[in-house]
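Trainee: can you look at this prediction? I've put the sequence above it.
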Amino acid sequence: MGSSPAVSNAVFKEISRRAVPISLHNPARDLAPLIERIAKAKVVMLGEATHGTREFYEWRRIISEILIANHGFTTLSIEGDWPPCQEVNRFITKKVSSSASAEELLAKSFRRWPTWMWANDEFRAMVEWMKEFNSTRLDRESQVRLFGLDVYSLFDSIAIVLDEVAKIDPALAEKAKHHYACFDPFEANEEEYLQSLVEFPEGCQAEALRVLKDLLKKRIDEETAAADGDVVFDAQQNARIVRNAESYYRAMVYGNEDSWNVRESHMMETLDLLLKTRPHNKLIVWAHNTHIGDYRATNMRKMGQVNIGGLVREKYGESQVALVGFGTFKGSVIASSKWAGPILQLRVPEGRDGSYEMIIREAAQQEKIPGDAFYLLLDDSEARKVQHCLSEWRGQRAIGVVYDPKKEKWGNYVPTMLAKRYDAFIYIHETKALRPLGVTPDLHVLPETYPSGQ
């Protein structure tokens with residue numbers, strides 16, 4: 001996994017042979033071969049190479065709309081927190097009457113940094129489409145729902161557990177309040193709780209687990225399901241988040257378990273739960289490539305890390321899972337220069353020499369692949385042979401919410417065997433920054449003289 005293999009004309013021809021051009025003029029037609037391959041799966045995961053690229057969100061929306069409308073997918077799960085996603089879920093399923101627009105709801109619901117990941121114009125379009133789709137579905141089981149997979153909502157989830165359990169079982173709510181009082185001194189501040197674990201390693205681990213166990217004993221019989229089933233389910237999941245979030249912060253302090261793996265395990269636990277709650281459920285995931293691309297085809301495995309893409313393949317089988325990665329050669333992106341920092345629009349330099357982004361771009365130029373975007377279908381035995389050019393170890397760019405273009409050449413490329421990491425890969429030559437709601441990003445676009453990385 002050191003230097004990248006040399007690139008021959010045969011590599012370019014293989015990429016050209018597999019490339020299927022796409023454009024927004026007739027996306028359904030262009031995507032037909034991809035949809036045919038992935039629609040049979042129980043779980044379709046749609047990635048992104050950044051958390052701030054307009055085209056990644058747009059193409060995920062288009063693919064998701066086709067899967068929901070035509071192929072029986074009923075759940076969209078995103079790399080976001082459960083509580084705000086539940087607010088959006090109630091909006092699209094009309095469980096609450098609201099005069100708010102999708103834009104207002106997203107701006108209000110997604111308040112935790114990085115707000116732009118889901119409070120953006122591109123995701124607004126997806127939410128509005130789901131709400132309209134559900135308006136034609138009188139049968140609740142046929143409606144599409146939205147859920148969050150992440151583990152970061154520790155104190156929001158505590159508040160929701162106490163509020164919801166009080167509605168259905170006041171005595172149980174008092175017990176939960178007694179146990180969760182362990183968290184009161186930290187005044188809903190995760191950082192203070194994290195720091196407290198250094199001095200008091202026992203923390204609130206036992207209390208978080210006790211509440212979860214008590215809630216899981218709460219049976220959802222037919223009578224309860226009719227009246228309060230959703231409340232019980234939501235309370236149980238929020239209690240699960242409290243337990244797993246506490247474990248996540250504990251892992252950050254003590255390192256006895258990789259905090260990344262705690263987060264991925266929580267996402268996997270949530271996916272399992274969502275697949276079990278509705279008969280014949282088919283599920284779509286939106287998350288970063290680092291979460292959905294099979295960890296066994298990256299250097300993550302060597303580092304002892306896992307992700308949901310690999311875990312879902314292992315549990316449900318490759319025929320039941322479709323992993324679709326995304327990448328770009330250059331453009332602009334929404335990110336920040338530091339954690340909890342200002343929202344910036346930054347330039348994405350050209351792909352690094354020897355990277356998958358670079359060789360795909362070179363193939364497009366040399367082989368004259370039409371258009372500026374196309375996808376590669378990779379889910380065949382030929383592509384996954386060890387000696388195949390698309391199963392060679394090369395860097396693939398990964399940009400997170402914190403990003404410094406000047407340093408990306410050294411820190412933003414994941415060693416990857418592309419055809420083993422994904423079932424398909426969508427490449428867009430030049431991409432634009434997504435559009436956050438309610439804010440104007442600071443323009444930190446680097447000048448054109450910035451080194452391209454070639």
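Mentor: Structure's in. What do you need?
Trainee: show me where the stretch 101-250 of the chain has helices.
Mentor: Using DSSP state H, counting those that start in this stretch, the helices of the stretch 101-250 of the chain run over 102-109, 121-135, 154-168, 170-180, 190-199, 205-216, 222-254.
Trainee: can I get the third one in PDB? Just the C-alpha atoms.
Mentor: Which is helix 154-168. The C-alpha trace of helix 154-168 is given here as PDB (Å, rounded to 0.1, in the frame of the first residue of the first chain):
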ATOM      1  CA  LEU A 154     -26.400  12.300  24.300                       C
ATOM      2  CA  PHE A 155     -28.200  15.100  26.200                       C
ATOM      3  CA  ASP A 156     -30.900  15.600  23.700                       C
ATOM      4  CA  SER A 157     -31.700  11.900  23.900                       C
ATOM      5  CA  ILE A 158     -31.800  12.000  27.700                       C
ATOM      6  CA  ALA A 159     -34.400  14.800  27.600                       C
ATOM      7  CA  ILE A 160     -36.500  12.900  25.100                       C
ATOM      8  CA  VAL A 161     -36.400   9.700  27.100                       C
ATOM      9  CA  LEU A 162     -37.700  11.500  30.200                       C
ATOM     10  CA  ASP A 163     -40.400  13.300  28.300                       C
ATOM     11  CA  GLU A 164     -41.700  10.400  26.300                       C
ATOM     12  CA  VAL A 165     -41.600   7.800  29.100                       C
ATOM     13  CA  ALA A 166     -43.600  10.200  31.400                       C
ATOM     14  CA  LYS A 167     -46.400  10.100  28.800                       C
ATOM     15  CA  ILE A 168     -46.800   6.300  29.000                       C
END
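Trainee: so which bits of that helix are buried?
Mentor: Of the residues in helix 154-168, Leu154, Phe155, Asp156, Ser157, Ile158, Ile160, Val161, Leu162, Glu164, Val165, Ala166, Ile168 count as buried by neighbour count, 16 or more other Cβ atoms under 10 Å. In this view, the C-beta of every residue, glycine as well, is placed from N, C-alpha and C.
Trainee: for the record, mean pLDDT for that helix?
Mentor: Averaged across helix 154-168, pLDDT comes to 96.
Trainee: list the helices and strands that helix packs on?
Mentor: If you count contacts as 3 or more Cβ pairs under 8 Å, 6 or more residues apart in numbering; DSSP states H and E, helix 154-168 packs onto helix 82-92, helix 170-180, helix 190-199, helix 205-216, helix 222-254.
Trainee: quick one: average confidence on the shortest one?
Mentor: Read that as helix 190-199. The model assigns helix 190-199 a mean pLDDT of 94.
Trainee: how far off helix 205-216 does that helix point, in degrees?
Mentor: 120 degrees (axes from the mean of the first three to the mean of the last three Cα atoms, to 10 degrees).
Trainee: which neighbours does the biggest strand by length in the chain have in its sheet, and in what orientation?
Mentor: Looking across the chain with DSSP state E, the single longest strand is strand 321-335. Counting by DSSP bridges, the strands paired with strand 321-335 are strand 43-46 (parallel), strand 344-348 (antiparallel), strand 424-431 (parallel).
Trainee: what mean pLDDT does it have?
Mentor: For strand 321-335, the mean pLDDT works out to 99.
Trainee: please save the CA atoms from it in CSV.
Mentor: Extracted in CSV, the C-alpha atoms of strand 321-335 (Å, rounded to 0.1, in the frame of the first residue of the first chain):
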residue,chain,number,x,y,z
VAL,A,321,-26.2,-5.1,-0.1
ALA,A,322,-25.2,-2.4,-2.7
LEU,A,323,-22.5,0.1,-1.9
VAL,A,324,-22.2,3.1,-4.2
GLY,A,325,-19.2,5.4,-3.7
PHE,A,326,-18.8,8.9,-5.0
GLY,A,327,-15.7,11.0,-6.1
THR,A,328,-14.7,14.2,-7.7
PHE,A,329,-11.6,15.4,-9.5
LYS,A,330,-11.8,19.1,-8.4
GLY,A,331,-14.2,21.8,-7.4
SER,A,332,-15.4,23.6,-4.3
VAL,A,333,-16.8,22.3,-1.0
ILE,A,334,-18.4,23.4,2.3
ALA,A,335,-16.3,22.6,5.3
